[in-house]
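Peer 1: Next input, structure requested:
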Amino acid sequence: MNPFDLTWDEQLLQTMNELGWERTDLIDVQIAGSQVYEIEGDGTRWKPEKGTRKYNKDAFIVLKRHEL
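Peer 2: As a prediction, the model looks like this:
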């Protein structure tokens, strides 16, 4: 089966089933592939303010299941 024949939520549920995860499991959703500017800037595109988060074009979502 082509995974693109399914919607993203159907793909997620199918993957959760393959992993043995349940809908009631505690799952943490995080974004990976980003950077935080640690140098003071003046808030422009080229010199953002310190603490500004920029997401890379190839950023991705990470799902972590918590064990009880």
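
Peer 1: Checking V62 next. Helix, strand or coil?
Peer 2: strand (DSSP: H, G, I helix; E, B strand; the rest coil).

Peer 1: Roughly how far does it sit from I39?
Peer 2: Counting by C-beta to C-beta, to the nearest Å, the gap from V62 to I39 is 27 Å. (Each C-beta comes from the backbone N, C-alpha and C, glycine too.)

Peer 1: for V29, same thing?
Peer 2: For V29 relative to I39 (C-beta to C-beta), the value is 29 Å.

Peer 1: Can you show me the helices along the protein?
Peer 2: With helices called from DSSP state H, the chain shows them at 8-19.

Peer 1: Which parts of it are strands?
Peer 2: 27-36, 53-65 (DSSP state E).

Peer 1: could those go into TSV alongside mean pLDDT, distance to W21 and mean neighbour count?
Peer 2: Formatted as TSV, the strands of the chain follow (pLDDT from 0 to 100; distance: least, C-beta to C-beta, whole Å; neighbours: other C-beta atoms under 10 Å):
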stretch	mean pLDDT	distance to W21	mean neighbour count
strand 27-36	93	7	10
strand 53-65	93	6	10
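
Peer 1: and G20, which of those strands is closest to it?
Peer 2: strand 53-65 (9.6 Å; C-beta to C-beta).

Peer 1: chain center to that closest one: distance?
Peer 2: Centroid separation for strand 53-65 versus its chain: 4 Å, with C-alpha atoms, centre = their mean, to the nearest Å.

Peer 1: Next, name the residue at the spatial heart of the protein.
Peer 2: I61 (2.0 Å; C-alpha atoms, centre = their mean).

Peer 1: pretty sure it contacts S34?
Peer 2: No: using C-beta atoms under 8 Å, I61 is not in contact with S34; the gap is 11.5 Å.

Peer 1: And the residue nearest to the centre of the chain, how far from D28?
Peer 2: From I61 to D28 the distance is 11 Å (C-beta to C-beta).

Peer 1: who's in contact with the nearest residue to K54 once chain neighbours are set aside?
Peer 2: In space, and not counting its chain neighbours, K54 is closest to Q35: 5.4 Å by C-beta to C-beta, 6 or more residues apart in numbering. Contact analysis of Q35 by C-beta atoms under 8 Å, 6 or more residues apart in numbering lists R53, K54, N56.
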